[in-house]
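> starting from these lines, generate the structure:
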Amino acid sequence: MKNNIMIGIKIFFVLTIITGVIYPLTITLIANVAFPQKAKGSLMKIHGKIIGSELIGQKFVSGKYFWGRPSAVDYNPMPSGGSNLGPTSKALLDSVNSRIDRIRNHQFVKPGELIPKDLLFASASGVDPDISPDAALFQVDRIARARNFNSEQKKELIELVRKSVVSPDLWIFGEDRANVLNLNLALDKLVR
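Got it, this is the predicted structure:
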């Protein structure tokens with residue numbers, strides 16, 4: 001009996017060292033060598049100052065910028081998560097209707113024009129950094145009007161969106177998407 005307890009304790013410590021120390025250090029080392037930018041959180045910097053991460057959505061409210069997906073956690077990554085509201089939820093219907101009103105108040109929506117769903121519904125994480133190409137193109141008129149773009153600048157903005165679209169990972173995982181933070185940084189460079 002005493003022998004079995006000692007064997008159990010030894011196995012516990014060996015597995016703790018392997019899975020709690022050696023494995024995490026190995027994976028961290030491999031990640032830092034193979035994907036240094038991603039391993040450090042894909043942080044974006046301007047003049048050496050961190051302004052955000054490509055992996056975490058941020059709140060943009062100005063009409064001069066692309067808006068990301070709505071967030072059930074107000075873009076706070078610590079308690080990230082969705083609202084868990086079902087399709088028959090009155091609270092979900094109310095929040096979607098308020099998002100529709102906000103979009104209509106900031107931008108002209110043509111009769112019969114559908115607002116892209118990713119501008120109306122929060123993602124499961126609540127901090128999704130990407131929007132669909134349709135959602136980005138849908139916002140071009142509002143941004144061009146807010147920034148007083150002429151027709152040539154508006155064409156450049158449309159081209160910027162098209163160039164910012166990323167294909168699904170390994171061509172099969174996910175959908176075409178555009179990173180909102182990258183779009184807004186490129187937008188600021190476009191108007192300089």
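> list the contacts for the residue nearest in space to the middle of the chain?
In the chain, the centroid-proximal residue (CA atoms, centre = their mean) is residue 129; its distance is 0.8 Å. The neighbourhood of residue 129, defined by CB atoms under 8 Å, 6 or more residues apart in numbering, consists of 53-58, 68, 179-181. Bear in mind the C-beta positions are built from the backbone N, C-alpha and C, glycine included.
> now do it against residue 137, distance only.
Residue 129 sits 18 Å away from residue 137, taking CB to CB, to the nearest Å as the criterion.
> what's the spacing between residue 32 and residue 25?
Distance from residue 32 to residue 25, by CB to CB: 11 Å.
> okay, now the unreliable bits of the protein?
191-192 (pLDDT under 70).
> follow-up on the earlier one: among the contacts of residue 129, name the ones in strands.
Judged by DSSP state E, these include 53, 179 as members of strands.
> what's the closest of the contacts of residue 129 to residue 14?
In terms of CB to CB, no member of these lies closer to residue 14 than residue 55, at 34.8 Å.
> count the residues that sit near that closest one.
The tally of other residues near residue 55 (other CB atoms under 10 Å) stands at 17.
> give the contact list for it.
Taking CB under 8 Å, 6+ apart, one finds 41-42, 129 in contact with residue 55.
> for residue 128, see how far away it is.
As judged by CB to CB, residue 55 and residue 128 stand 10 Å apart.
> can you check residue 27 too?
Distance, residue 27 to residue 128, using CB to CB: 25 Å.
> who touches stretch 41-48?
Counting by CB under 8 Å, 6+ apart, 50-55, 181-182, 185 sit against stretch 41-48.
> related to what we said a few turns ago, between residue 27 and residue 128, which one's more packed in?
Counted by other CB under 10 Å, residue 27 and residue 128 do not tie: residue 128 has more neighbours, with 21 against 11.
> surely the more buried one meets residue 57?
Yes: look at residue 128 against residue 57 with CB atoms under 8 Å: they come within range, at 5.2 Å.
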